[in-house]
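>>> Build me a model:
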Amino acid sequence: MTARRFAALLPVSLAAGALLLGACEEKPAAPTGAPSAQGSAVAAAPPASASAAAPAAPAAWFVGDFTGTYEASHYLIEMEKKHGGVTAWDQDDGKPGSGEGKLALNIDDSGRVTGTAQGPLGEMTASGQVEEEVLRLRLSPKDHGAEGAFAGVVVAKRKADGFEGRLQASTGDSLTVRDAPVRLRKGSSSPAPDGSTRAGTE
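Numbers count the residues shown, from 1 in each chain. Down below sits the predicted model:
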């Protein structure tokens, strides 16, 4: 090959070599296992439940303290002797166990009721349950061995923010029976038996 022909081919050879070198020096592709920027941001974000606590459910309307009154009076059982009536019912003058009494109750969020009653029917403990809008109570004498001790039940329905219903009680021998309207209101002050407001209370 002559010097003139070699000089003519030299630029072509240099250009081809430069293209080949450029192809070999291309930046390698990122490995497929590397996490993307978007994936990293999602992984770093805390779950929504960790940043915001769920709001507490509101308490049921009946949860809390209730106070009220009852007005016990003679309950006459009209039953002939041949049908099971007893002379003591006719001889009951209605005085023992009659008059105004008080109740103090607490109702928890499950509807369970505990409390006390005091008055002409004696010192009593109260236990029961609220189901939907009905209150059912059992009243038991604190001193079961006391002569003439009364026991009874209360059934009352929701009225505004409280309950209204009836109490029925009798002595252990069932010879003295009393009946009473019952009114209960939420809070620590008791309404008067006729529903009027007592002095000094709202």
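
>>> Mind jotting down where the helices sit in the chain?
Using DSSP state H, the helices of the chain run over residues 3-24, 37-44, 48-51, 87-91.

>>> And the strands in the protein?
Ranges of strands in the chain, per DSSP state E, are 64-74, 99-107, 112-118, 124-131, 134-141, 150-159, 162-171, 177-186.

>>> count of residues packed around Ala160?
8 (other CB atoms under 10 Å). (Each C-beta comes from the backbone N, C-alpha and C, glycine too.)

>>> roughly how far apart are it and Glu133?
11 Å (CB to CB, to the nearest Å).

>>> picking up where we left off before, closest to Pro58 out of the strands of the chain?
Between Pro58 and those, the shortest gap by CB to CB is with strand 64-74, which sits at 12.8 Å.

>>> Now do the buried residues in that closest one.
Phe66, Thr67, Gly68, Thr69, Tyr70, Glu71, Ala72 (16 or more other CB atoms under 10 Å).

>>> show me what contacts the first one?
Counting by CB atoms under 8 Å, 6 or more residues apart in numbering, Phe66 touches Leu103, Ala104, Leu105, Asn106, Ile107, Gly115, Gly162, Phe163, Leu184, Arg185, Lys186, Gly187.

>>> Just the buried ones out of the residues you listed, please.
Of the contacts of Phe66, these count as buried by 16+ other CB under 10 Å: Leu103, Ala104, Leu105, Ile107, Gly115, Gly162, Phe163, Leu184, Arg185, Lys186.

>>> which residues pair with the second one across the strands?
Each beta-bridge partner of Ala104 is listed here, defined by DSSP bridges: Thr67, Thr116.
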